[in-house]
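Q: sequence unknown, structure follows:
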């Protein structure tokens, strides 16, 4: 079936270090979204990428969508303790009726001050 | 808008009992998802509706699970009978067209 794989599952960094999580789909995506879930909370939308090769930035966060629209990455520069949480990618499958959104397993980020 | 509203926030029930989870999507949204989140399986898509019609329920684990959306402002997820392995956080999320999904606060279900 349609799958979205995300690595790594966990990442522990020292505050100030960079962080990257990667997302790969088994099928071509219509678009990809990224969400952040704080401990005990619910996923909150960060951004959506639609175009092949697209790069978007939000302050210290950089999001990329691959040329083949099957992979994506989120990079955080100089992590802060406020970045703690689980980051999910979610792929919307191309040619899929109704916009089915498949989530990756998530990468849990912990930041040591 | 108050966002996606789920109830109850917490539910503890005994094995074999019926459980009904409720969701009120954001007004104007035409699609609704039900997800289940566990440490082992992450966020699993159970079912999604488009314009109140179930489009894909392939993620529903078994016949004990059923979901309805009688109108654009209400959906339910029912588990009957419940089992301990159903313990998880259940999220409802709604969205418009191909835009971002807005999640509710979730229902933490514990089946003992």
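A: Good, I have the coordinates. As the structure is a prediction and not an experimental result, all values here were calculated from the model.

Q: ok, and the closest non-adjacent residue to residue 65?
A: All of this refers to chain A. The shortest distance from residue A:65 to any residue that is not its chain neighbour, by Cβ to Cβ, 6 or more residues apart in numbering or on different chains, is 3.8 Å, and that residue is residue A:49. Just so you know, the C-beta spots here come from the backbone N, C-alpha and C atoms, and that holds for glycine as well.

Q: sorry, should have said chain B
A: Closest residue in space to residue B:65, ignoring its immediate chain neighbours: residue B:79 at 5.7 Å, by Cβ to Cβ, 6+ apart.

Q: From residue A:108, how far off is the residue lying closest to residue B:99 once chain neighbours are set aside?
A: Using Cβ to Cβ, 6+ apart and skipping the chain neighbours, the partner closest in space to residue B:99 is residue A:48 (7.4 Å). For residue A:48, the distance to residue A:108 under the criterion Cβ to Cβ, to the nearest Å works out to 22 Å.

Q: same question, residue A:38
A: Here the criterion is Cβ to Cβ. By it, residue A:38 lies 11 Å from residue A:108.

Q: Find the residues that touch each one of these two.
A: Listed contacts common to residue A:38 and residue A:108 are residue A:85; contacts here mean Cβ atoms under 8 Å, 6 or more residues apart in numbering or on different chains.

Q: More neighbours: these two, which one.
A: When residue A:38 and residue A:108 are compared for neighbours, residue A:108 comes out ahead with 17 against 12, by other Cβ atoms under 10 Å in any protein chain shown.

Q: Name every strand pairing with the helix or strand that the more buried one is a member of and say which way it goes.
A: Assessed by DSSP states H and E, residue A:108 sits inside strand A:107-112. In its sheet, strand A:107-112 lies beside strand A:10-14 (parallel), strand A:85-93 (antiparallel), with partners assigned from DSSP bridges.

Q: buried ones in that strand?
A: Neighbour counts over strand A:107-112 (16 or more other Cβ atoms under 10 Å in any protein chain shown) mark A:107-109, A:111 as buried.

Q: Same check on stretch A:14-31?
A: The neighbour-count criterion (16+ other Cβ under 10 Å) identifies A:19, A:21-25, A:27, A:29-31 as the buried residues of stretch A:14-31.

Q: from the middle of its chain, how far away would stretch B:33-52 be?
A: From the chain centre to the centre of stretch B:33-52 is a distance of 7 Å (Cα atoms, centre = their mean, to the nearest Å).

Q: What's the end-to-end length of that stretch?
A: Between the opening and closing residues of stretch B:33-52 we find a distance of 11 Å, counting by Cα to Cα, to the nearest Å.

Q: tell me the mean pLDDT for it?
A: When pLDDT is averaged over stretch B:33-52, the result is 92.

Q: I'd say residue B:77 and residue B:23 touch.
A: Yes - counting by Cβ atoms under 8 Å, residue B:77 touches residue B:23, with 7.5 Å between them.

Q: Quickly list what's touching both of those two.
A: Both residue B:77 and residue B:23 are contacted by B:34, B:92, under the criterion Cβ under 8 Å, 6+ apart.

Q: residues touching the residue nearest the centre of chain B, list them.
A: Most central in chain B under Cα atoms, centre = their mean is residue B:34, positioned 3.5 Å from the mean C-alpha point. With contact taken as Cβ under 8 Å, 6+ apart, residue B:34 is in contact with B:23, B:45-48, B:67, B:75, B:77, B:90-92.
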